[in-house]
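**Q** Just to be clear, the model below is a prediction. Sequence and coordinates:
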Amino acid sequence: MNKYKKLILGILLDAMGYVSFVIPVVGEFSDIVWAPVSGWLMTKLYKGKAGKIAGVITFVEEALPWLDVVPTFTIMWIYTYVFKKEGKN
């Protein structure tokens, strides 16, 4: 997957994590479903040890109340393509 497509997808997935703030109380229950899904998606987008660690972090961040504001998918993209400078496409 092109790194910029991955960035756009990551931003969209981070936005989905913000949905729980749109509907107070009920939205927090959506995190019960979204937390494991987002963790799994992170491991599919970013392979290897870094992807597994990011998957766990994403799961925990989405599962705990009020931490949904952290854009973990976008942060992982920045870590991968800016700091580690992986992928030349």
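**A** Perfect, I can see it now. Residues are numbered from 1 along each chain as shown.

**Q** What average pLDDT does the strand or helix carrying residue 55 get?
**A** Per DSSP states H and E, residue 55 falls inside helix 48-63. If you average the pLDDT over helix 48-63, you get 94.

**Q** same check, this time on stretch 16-26
**A** 76.

**Q** and the gap between residue 52 and residue 45?
**A** Distance, residue 52 to residue 45, by Cβ to Cβ, to the nearest Å: 12 Å. Backbone N, C-alpha and C define where each C-beta goes, glycine included.

**Q** Between these two, which is the more surrounded one?
**A** Set residue 52 next to residue 45 and count neighbours by other Cβ atoms under 10 Å: residue 45 wins out with 19 against 14.

**Q** is it true that that one touches residue 9?
**A** Yes: with contact defined as Cβ atoms under 8 Å, residue 45 counts as touching residue 9 (7.2 Å).

**Q** Spit out the residues that contact the two alike.
**A** Shared contacts of residue 45 and residue 9 (Cβ atoms under 8 Å, 6 or more residues apart in numbering): 1, 73.

**Q** which non-adjacent residue is nearest the residue sitting nearest the centre point of the chain?
**A** Residue closest to the average C-alpha location in the chain (Cα atoms, centre = their mean): residue 73, at 3.3 Å. Counting by Cβ to Cβ, 6 or more residues apart in numbering, residue 10 is the residue found nearest to residue 73 once chain neighbours are left out, at 3.4 Å.
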